[in-house]
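> please work out how this folds:
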Amino acid sequence: MSWSKHRIILLLFTLIFLVELWAYYSGHICFKPIILSLFLYSILLALGSYFVGMRYYAPMINRLPKADNSKRIALSFDDGPNKTALPKLLELLDKHHVKANFFFIGQNLERNMNLAKELHQQGHLIGNHSYFHKSSFPISSWAIVRNEIVTTNSLIEEITHKKNVYFRPPFGVSNPIIAKVVKDLNMTMIGWSLRSYDTVKKGDTLFEKLKKNINDRDIVLLHEIEQNFDVIDKFIEYAKQQGFTFVLLSDIEIKS
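All right, here's what the predicted structure looks like:
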């Protein structure tokens, strides 16, 4: 059995909690250490849920695997397909002969199936980003989480004619329920190593963030935001000048 960090921490805190209870009822300690342990455990749960790099509840791919004599990055775009912005983004990527990874929201995909088919035919990758992308997704039941992922997978597979294995949780938030559903469906959770914050950063600020933080094996998180396409254009040129190549998740051997 593959043990997640959460299971290990849970076992550790359970042992500590039992020892503290024994010490409390034996009159050796007051109740405060028990409260402190529960508080620290709650903090770890919150941090593990929010920060994708911790891989707290389940394996999550946040960086590309190492490759000899090659500087590789993966561009990923969340929340589409946007029927207005996506065609322009595809033109931009085609101009640079770059393929990218798109994590689509199911309801957006259902409204724009023909556009997604065109994207797939051009050689880009389509992954699952839940069906509704609601803020309640991280606290939803097993049945809701599974239904959203399965429904979106069905839409993706209608386009690609092959099983989809890539899932990026909304907001990058994971928990034991999401981890179990993804594992049961034999899927791989995809995170990121470079978060652009392109929903709030624009223009030169966004470009400088990408330029200063890009590293080999990065998975870059972006969105289909038309006003940022000039920055993406410049960033792709810069990355190429620095010797980076752009890859799809399906082109590499991923080990979680």
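> how far away from the center of its chain is stretch 101-111?
14 Å (CA atoms, centre = their mean, to the nearest Å).
> may I see the buried residues of it?
Asn101, Phe102, Phe103, Phe104, Ile105, Gly106, Gln107, Asn108, Leu109, Glu110 (16 or more other CB atoms under 10 Å). Every C-beta, even on glycine, is put in place using the N, C-alpha and C of the backbone.
> one more: stretch 122-138?
Quick answer for stretch 122-138 (16+ other CB under 10 Å): His124, Leu125, Ile126, Gly127, Asn128, His129, Ser130, Tyr131, Phe132, His133, Phe137, Pro138.
> sec struct for Ile16, please.
helix (DSSP: H, G, I helix; E, B strand; the rest coil).
> helix or strand: which one has Leu206?
Leu206 is part of helix 203-213, with elements assigned from DSSP states H and E.
> distance from the chain centre to that helix, please.
Counting by CA atoms, centre = their mean, helix 203-213 comes out at 21 Å from the chain centroid.
> let me see the domain layout of the chain.
5-50, 60-251 (automatic domain parsing).
> would you turn those domains into CSV with mean pLDDT?
As requested, the domains of the chain are exported to CSV (pLDDT from 0 to 100):
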stretch, mean pLDDT
domain 5-50, 71
domain 60-251, 96
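> tell me which of those is the most buried.
domain 60-251 (a mean of 18; mean count of other CB atoms under 10 Å).
> name the element Phe103 belongs to?
Using DSSP H and E, Phe103 maps to strand 101-104.
> what does that strand contact?
Residues outside strand 101-104 that contact it (CB atoms under 8 Å, 6 or more residues apart in numbering): 74-81, 116, 119, 124-129, 152, 156, 166, 168, 190, 248-249.
> just checking, what packs against the longest strand anywhere in the chain?
Identified as the longest strand of the chain according to DSSP state E is strand 71-78. Under the contact criterion of 3 or more CB pairs under 8 Å, 6 or more residues apart in numbering; DSSP states H and E, strand 71-78 touches strand 101-104, strand 219-223, strand 244-246.
> of these, which is nearest Met60?
strand 219-223 (10.5 Å; CB to CB).
> what packs against the helix or strand that comes right after the strand holding Phe103?
Next helix or strand after strand 101-104 toward the C-terminus (DSSP H and E): helix 106-111. Secondary-structure packing of helix 106-111 (3+ CB pairs under 8 Å, 6+ apart): helix 142-160.
> so which elements touch whichever helix or strand comes after the helix it packs on?
Next in sequence after helix 142-160, counting helices and strands by DSSP H and E, comes strand 166-167. Where contact means 3+ CB pairs under 8 Å, 6+ apart, strand 166-167 is packed against strand 125-128, strand 188-190.
> mind listing the residues bridging to Lys71?
Here Lys71 sits in beta bridges with Phe244, as judged by DSSP bridges.
> so it makes contact with Gln242?
Yes. Judged on CB atoms under 8 Å, Lys71 makes contact with Gln242 at a distance of 7.3 Å.
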